[in-house]
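Novice: model the structure of this input:
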Amino acid sequence: MKYSVDKNEKYILLTLEEAKLNAMISPALKSELVIFNAEGFRNIILDLSHVEHMDSSGLSCLLTANRICQNSNGSFVLTGVKPSVEQLISITQLDKSLQIVPTKEEAIDYVFMEELEREINKKE
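Specialist: You can find the predicted model right below:
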């Protein structure tokens, strides 16, 4: 599996550099996401701009990542989602569970807004 990682204080940005997120790739990606979360990254941004096709195991991977981030009081954000992948996410109604934003910049802004909101709520 080919990917690149940009680690920051508040989030990690993982760019999957594969055309397919399928049963061949999903287990390795899921493992990496779990490891990053265990390292203390509760906010994960997954850039899917290279992904043209996704199957059910890819969807399962996304749901797992979303769950581990939520369980650690963090955010899981998808960005760079191609129309074919977005259609699959929409058909399966996972667009109601997953946070999808158009650009990396918006994903980073989303994470910072969520972090700010959690800080404010913690003080109340």
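Novice: going forward, measure contacts and count neighbours with C-alpha atoms only.
Specialist: OK.
Novice: pull the longest helix from the protein.
Specialist: Criterion DSSP state H: the longest helix present in the chain is helix 104-123.
Novice: need the contact partners of it.
Specialist: Applying Cα atoms under 8 Å, 6 or more residues apart in numbering, the contact partners of helix 104-123 are 10-11, 43, 45, 47, 74-75, 77-80, 101.
Novice: mark which of those residues are part of helices, please.
Specialist: Short answer: those have none in helices (DSSP H).
Novice: all strands of the protein, in order?
Specialist: Under the criterion DSSP state E, the chain carries strands at the ranges 3-7, 12-16, 20-21, 44-47, 53-54, 76-79, 99-101.
Novice: parallel or antiparallel, which strands does the fifth one pair with?
Specialist: Sheet pairing for strand 53-54, assigned by DSSP bridges, gives strand 20-21 (parallel).
Novice: residues near residue 122, how many?
Specialist: 8 (other Cα atoms under 10 Å).
Novice: correction: the previous question concerned residue 68.
Specialist: 20.
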